[in-house]
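>>> Below are the sequence and a predicted model; questions follow.
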Amino acid sequence: MILDGEPNQKIARYTGLTLEQIEALRKEVR
């Protein structure tokens, strides 16, 4: 899953994840 450059709200809409889950994923990837 490519997260770079996409706003969290857009990712949340596409994936159904919460913003908190997206932030956690970003930290794991880096």
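That came in fine, so what should we check first? Residues are numbered from 1 along each chain as shown.

>>> So which residues of this structure form helices?
Ranges of helices within the chain are 8-15, 19-29, based on DSSP state H.

>>> Dump those helices to a markdown table, plus mean neighbour count.
No exception for glycine: its C-beta is placed from N, CA and C like everyone else's. Output for those, formatted as a markdown table (neighbours: other C-beta atoms under 10 Å):
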| stretch | mean neighbour count |
| --- | --- |
| helix 8-15 | 13 |
| helix 19-29 | 12 |
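
>>> Can you add mean pLDDT and give these back as TSV?
As requested, those are exported to TSV (pLDDT from 0 to 100):
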stretch	mean pLDDT
helix 8-15	90
helix 19-29	89
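
>>> and residue 10, how far is that from residue 29?
Using C-beta to C-beta, to the nearest Å, we find residue 10 at a distance of 17 Å from residue 29.

>>> Hmm, I typed the wrong one, I wanted residue 19.
Note on residue 19: its distance to residue 29, by C-beta to C-beta, is 16 Å.

>>> ditto for residue 23
According to C-beta to C-beta, residue 23 stands 11 Å off from residue 29.

>>> what do you get for residue 21?
In this view, residue 21 and residue 29 are 13 Å apart by C-beta to C-beta.

>>> What of residue 6?
Separation of residue 6 from residue 29 (C-beta to C-beta): 13 Å.
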